[in-house]
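Student: 3D model of this:
(2 chains)
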Number of protein chains: 2
Amino acid sequence: MSLSLSRFLIGRPIANREAESRKLGVFAGLPAMGLDGLGSAAYGPEAALTILAGTGAAGLATIGPIMWVILALLAVLWFSYWQTIAAYPNNGGSYIVAKENLGTIAGLLAAAALMVDYMLNVAVGISAGIGALTSAIPALHPYTLWLCLAVLLVVTVFNLRGTRESGLAWAVPTYVFILGLGSIIAWGVWQAMVSGGHPHPVVAPPAVAQSAGAVTLWLVLRAFASGCTAMTGVEAVSNGVSAFRDPPVRHAHGTLSAIVIILGLLLLGIAHLAQAYGITAMDQTQEGYQSVLSQLVGAVYGRGWFYYVVIGSVLSVLCLSANTSFVDFPRMCRLVARDGFLPAAFATPGRRLVYSVGILFLTVGSGGLLIAFGGITDRLIPLFAIGAFLSFTMSQAGMAAHWFHALRGRGSAPHAPGGAYSSRVKLAINGGGAIATGLALAIILLAKFTEGAWLTIIIIPCTLLLLRTIRRYYDQVDAQLLQGSQRKLDLRNHAPPVALVPIKRWDRLSRKAIEFALRLTPDITALHVTTLEGPEADREETRLKEEWRELVEEPARQSGISPPRFMLIASQFRSVVAPLLKGIKYVEEHLPDRPVIVVLPELVEGSWWGYLMHTHRERRLRARLLRYGGAKVGVVSVPWQLQPSEPAQGIAEEEPAQAEP
Amino acid sequence: MSLSLSRFLIGRPIANREAESRKLGVFAGLPAMGLDGLGSAAYGPEAALTILAGTGAAGLATIGPIMWVILALLAVLWFSYWQTIAAYPNNGGSYIVAKENLGTIAGLLAAAALMVDYMLNVAVGISAGIGALTSAIPALHPYTLWLCLAVLLVVTVFNLRGTRESGLAWAVPTYVFILGLGSIIAWGVWQAMVSGGHPHPVVAPPAVAQSAGAVTLWLVLRAFASGCTAMTGVEAVSNGVSAFRDPPVRHAHGTLSAIVIILGLLLLGIAHLAQAYGITAMDQTQEGYQSVLSQLVGAVYGRGWFYYVVIGSVLSVLCLSANTSFVDFPRMCRLVARDGFLPAAFATPGRRLVYSVGILFLTVGSGGLLIAFGGITDRLIPLFAIGAFLSFTMSQAGMAAHWFHALRGRGSAPHAPGGAYSSRVKLAINGGGAIATGLALAIILLAKFTEGAWLTIIIIPCTLLLLRTIRRYYDQVDAQLLQGSQRKLDLRNHAPPVALVPIKRWDRLSRKAIEFALRLTPDITALHVTTLEGPEADREETRLKEEWRELVEEPARQSGISPPRFMLIASQFRSVVAPLLKGIKYVEEHLPDRPVIVVLPELVEGSWWGYLMHTHRERRLRARLLRYGGAKVGVVSVPWQLQPSEPAQGIAEEEPAQAEP
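Tutor: Below is the predicted model of the structure:
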């Protein structure tokens, strides 16, 4: 079986009618789409605390208010995306929402921002996870890049198997992470309560610096901007509503709520316990570095086996947060491709009903980033939240416009059953969301501009431009194909074509091709190109001509058919394409009203090893003839199946069930 | 220009008639085919001295006699291959010589041995060179594998450009190596002479151990077996005679002699100076290791700039000794492929008149070896000389049989102008060569069996078996194609075929396909597969049917042609292949004497980026139809060139000159 390896890795092909059973509920949806969001809990608070690290206890005191602002923003996003999902049950990603309500350019801007963000997310997520792993086990450090690529490969293969598979595969680490970290936080909060706000740490974190820098507004803003990375991934559900099973909106709402509530509780708990235990961020470049979560678990619980379970699940979730990109990126690319802004292949479902081209594109792109940065992609983190917040803002603004149009009575807003009052509330929520995320975006841009955010500001418009260029290409092709297509069929002349049949020797393959050609036209010339010279060539020539006379010309004459011609071309050239093109040109000049068909006998192999045994000259020949043969040529492939063909089996393999047409 | 990158790397395509100017003289032939042989001077003596290292001065004294035996063997090989080249001016590799005189199995055995040896040679040569480089510059050590792969890539690209290019590119290091090391040796020998055999070293080599192990016969045999690696590569010229320009035999003789004489002088000089200066092999795993050549150059000349020039050229020549394999491996594979023992692609010349498939196969195989062994392939060295000596022996035995047959008057030995006496001398030389190389092979096998030679004894027969299996496959295909091919053309029935035309929408592409199909048969059915559902599908259906009636059926009726049918298939399937196969099956059942043609309208793109923009559904469709459509189907590709096609330019690009047919 030629496909056995890909089959083992990717699984059997899936028919359309099975699509429903491939879809997600909340339980599988949370790991499939929530890993990015939940994983943010591991780096968002740490990123904020890192900015505040220099300011000692005074800075630590500000983490509470910062986290409340972030939680408020998270709540706004929750309500906004809840409405988006309800209004766009058929994949209401930022692209669709912005495109339909703000125009194509806005939609493409959102799409470009998300594309960049998803690709960065894969590289950053995997390298962060592997980075944490190698700092836990320094012996693995030399293999950083290989480990990153291995994780990328595993995530890719699981996603090629299908979205549902990946959701189920990642369920274990996800739920271990939620339950493990959740119970640590709950126990810590309980300890803090019973000890009156000053719990005794099991393993004490390093003391908070006493004399330290001042807490300025700029510092707090920067801490907020870094902490906002905790929100990336919340949009995932709204981009992938169509991946949920019926009723998709309810399952999507459930998944969104689960992600937001769990993420909120985790963030709140981490911020609270950081203050209670006096945990600050440590310098990652120093010896003995420990992440905030590692300090926190140590302080609450100590270093028993459960510590390793929780930290292990954190690493897994970080690595697998890449998975969210793999679920959403191909789906978004499909929508963009269906509108003609990406190559059509992005919209073609693969054997397992996933958009394989998008998945592989994401793998290659993020793999390239990982290789380019040697598996250490710290520098990409500042570039990272911008795309997400840009698409948040576009999406919110789009929804606000949606309700505004509904209120004004124009545009199509069929999903506003509550009337004007309801629409006004919704406008307020989404408008507020747009302003809040826009403000956050402005702060992030300002705070991170010099750290690399400028690069994003260049890349996103370039991507946008590329998308528009692709669309322009398709428009031109369409114009060429549709121009004058409403003219009636031209039937003034339908003389049969002139057939050219290149043959290598006289065998059943050649005979079949000649017989086939005789069904199509009485005007046939067989071409034999010989590269031999001297007496060998003469012998060969004589033999071929004799065979032709006896086996072709005679029976043709007896049947009253004009006998096919035989032409022997002595050529020192390796390829038969030049004489064929000459023949085509000759016909064009001398018989301008006759098209030309080149009849190519072709050996067809079923197995991959048999495939390797042949040079597939006919394929190259056909490609060259189609490319250079001009408008009047057609290429007829006449197969010779080396193995008996079994259509039923062959098709069953690719399409397990057949609907009646 | 779509091919600009490959063009930049590999160069413009070359026509057959240019082949002569691509060929080698002695000056370019020496670097192209002699690097393996000459490079052996760098490791042969060292390998022998390493075995003797434990025996101190007594062992060192035996290196002279051992080297004389090796030189005698080298002289025998020189005369033998001289005769082989003269007798087989059209590439008299071991494969041809053994096959023609000893039978196919013997030929395949020689071929398998050489294939294994060439592949090992690439990996061992490159890793030895890079190993020497990294021991000179320890900072490069972590990059061993990458450096190896980089050298492999460079050698590959140069060889894809053409044999002559690679010969010229490696000329500088080769001639620097010959002149540099030659003048050092000459100066050293002069010093030794004027000092009465005890020259004063400029930089003294480490003292030779005084109390040491005994010199046993077994030890001397092992040293001889290791020293024999100095002879690998001598066969290269005889395998590649056709790469030389007219008259090939004279140029090949010149190159062979140059290689053997230079190699002999180098070996002799190195052995002499090793004794004169008391240089022994050092332990490579110890700190401060220096190769024999490095000690020798230091002792004769010191550590000035010239030392670095000579040592640098040694490193280059070691790395580039891989090049010999790249010249000979594809040529030998071509001969084997022409006899049907390797896939036909090995015999197809590429754009630059080199056998690209063989080159790439060698690159992938040796690259795999390098990666598997992390760029350190010391363990492969014992496996290495066996293939070479096995092919030496087969080649010599074949030539002996050749002269023997000539004497007995049977067989074809047209190249024996000197009559019986001459043939008898030649028989003696080649027979002696066969016995000598056979003995050496036996000693090498014995001495290296436990070090890994057993592996070669397994791999070579497996390769042989694979070659025979491939041939059996081709024989089966041939039998199938030729069986009954001498029957006359069957013309009892030539009713036109039934045409099926899958169309996506009504545009110029579809119209052209229908018009083309009408030239071939009056019996046409267009198929449109829709995956839409609900009112959208209905609108689409109505529109398509109206267009069909107005634009196709009406004009057909007016011209008195039976109008093509239109079939709309609602399918939840993604592919159009299932309905088409159903249609084919239907025709087969209901119209058993009519073949089926599927007319595929196909967009043809000229540029690579345009190529990426399309899904190329037609290609997959055509492949599936040819594979599963059964014996009565033919696929007609009707192109629509998006760019105006320019046949002249398109062909000029690939084939600069056109011969008149």
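Student: shaky segments in the stretch 551-661 of chain A?
Tutor: A:571-575, A:643-661 (pLDDT under 70).
Student: rerun at 80
Tutor: For the stretch 551-661 of chain A, applying pLDDT under 80 flags the ranges A:570-576, A:606-611, A:615, A:643-661.
Student: same check on the stretch 101-250 of chain A?
Tutor: By pLDDT under 80, the weakly predicted segments of the stretch 101-250 of chain A are A:131-142, A:161-170, A:197, A:206-214, A:239-240, A:242-243.
Student: 90 instead, please
Tutor: A:114, A:116-118, A:120-121, A:123-147, A:154-155, A:157-174, A:191-249 (pLDDT under 90).
Student: is residue A:526 in a helix, a strand, or coil?
Tutor: Using DSSP: H, G, I helix; E, B strand; the rest coil, the three-state assignment for residue A:526 comes out as strand.
Student: and it, how far from residue A:595?
Tutor: According to C-beta to C-beta, to the nearest Å, residue A:526 stands 18 Å off from residue A:595. C-beta here means a position set from N, CA and C on the backbone, and glycine is covered the same way.
Student: and if you look at residue A:40?
Tutor: 62 Å.
Student: neighbour-wise, which of the two wins?
Tutor: A side-by-side neighbour count of residue A:40 and residue A:595, using other C-beta atoms under 10 Å in any protein chain shown, places residue A:40 first with 29 against 24.
Student: could you say what helices and strands the helix or strand harbouring residue A:396 packs with?
Tutor: In this assignment (DSSP states H and E), residue A:396 forms part of helix A:384-408. Applying 3 or more C-beta pairs under 8 Å, 6 or more residues apart in numbering or on different chains; DSSP states H and E, one finds that helix A:384-408 makes contact with helix A:56-87, helix A:94-102, helix A:104-136, helix A:419-448, helix A:453-482.
Student: could you list the domains of chain A?
Tutor: If you go by automatic domain parsing, the domain ranges for chain A are A:24-474, A:498-654.
Student: and the residue nearest to residue A:111 when sequence neighbours are not counted, what is it in contact with?
Tutor: Spatial nearest neighbour of residue A:111, excluding adjacent residues (C-beta to C-beta, 6 or more residues apart in numbering or on different chains): residue A:95 at 4.2 Å. Listed by C-beta atoms under 8 Å, 6 or more residues apart in numbering or on different chains, the contact set of residue A:95 reads A:107-108, A:110-111, A:114, A:332, A:335-336.
Student: on the pLDDT front, check residue A:95 for me.
Tutor: Residue A:95 carries a pLDDT score of 88 in this model.
Student: could you measure from it over to residue A:73?
Tutor: In terms of C-beta to C-beta, residue A:95 sits 22 Å off from residue A:73.
Student: how about residue A:88?
Tutor: Computed as C-beta to C-beta, the residue A:88 to residue A:73 distance reads 22 Å.
Student: and stretch A:510-521, does that touch chain B?
Tutor: Yes. Remark: stretch A:510-521 sits within contact range of chain B at A:510-511, A:514-516, A:518-521, by C-beta under 8 Å from any C-beta of the partner chain.
Student: number of residues surrounding the closest residue to residue A:199 other than its chain neighbours?
Tutor: Of all residues not flanking residue A:199 in the chain, residue A:191 sits nearest, at 4.1 Å (C-beta to C-beta, 6+ apart). Residues contacting residue A:191 under the criterion other C-beta under 10 Å number 20.
Student: report whether the expected contact of residue A:191 with residue A:299 is present.
Tutor: No. Using C-beta atoms under 8 Å, residue A:191 is not in contact with residue A:299, being 9.4 Å away.
Student: how about residue A:566, secondary structure?
Tutor: Under three-state DSSP, the three-state class of residue A:566 is strand.
Student: helices or strands next to the helix or strand hosting residue A:271 in the packing?
Tutor: Using DSSP H and E, residue A:271 sits within helix A:248-277. If you count contacts as 3+ C-beta pairs under 8 Å, 6+ apart, helix A:248-277 packs onto helix A:26-52, helix A:56-87, helix A:171-194, helix A:236-239, helix A:292-301.
Student: now do the same contact list for residue A:30.
Tutor: Counting by C-beta under 8 Å, 6+ apart, residue A:30 makes contact with A:171, A:174, A:255, A:258-259.
Student: and the gap between it and chain B?
Tutor: 29 Å (C-beta to the nearest C-beta, to the nearest Å).
Student: got it, and residue A:588?
Tutor: 10 Å.
Student: tell me the contacts of the closest residue to that residue other than its chain neighbours?
Tutor: Spatial nearest neighbour of residue A:588, excluding adjacent residues (C-beta to C-beta, 6+ apart): residue A:632 at 6.3 Å. By C-beta under 8 Å, 6+ apart, residue A:632 lies in contact with A:584, A:588, A:594-596.
Student: now those residues as JSON lines including secondary structure and distance to residue B:614?
Tutor: Formatted as JSON lines, the contacts of residue A:632 follow (DSSP: H, G, I helix; E, B strand; the rest coil; distance: C-beta to C-beta, whole Å):
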{"residue": "A:584", "secondary structure": "helix", "distance to residue B:614": "24"}
{"residue": "A:588", "secondary structure": "helix", "distance to residue B:614": "27"}
{"residue": "A:594", "secondary structure": "coil", "distance to residue B:614": "29"}
{"residue": "A:595", "secondary structure": "coil", "distance to residue B:614": "24"}
{"residue": "A:596", "secondary structure": "strand", "distance to residue B:614": "24"}
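Student: where does the stretch 401-550 of chain A have low pLDDT?
Tutor: Counting by pLDDT under 90, the stretch 401-550 of chain A contains low-confidence ranges at A:402-433, A:436-437, A:439-440, A:443-458, A:476-496, A:503-512, A:515, A:518-523, A:527-548, A:550.
Student: try it again at 80.
Tutor: By pLDDT under 80, the low-scoring segments of the stretch 401-550 of chain A are A:409-421, A:451-453, A:484-486, A:490-494, A:530-537.
Student: cool, thanks, signing off.
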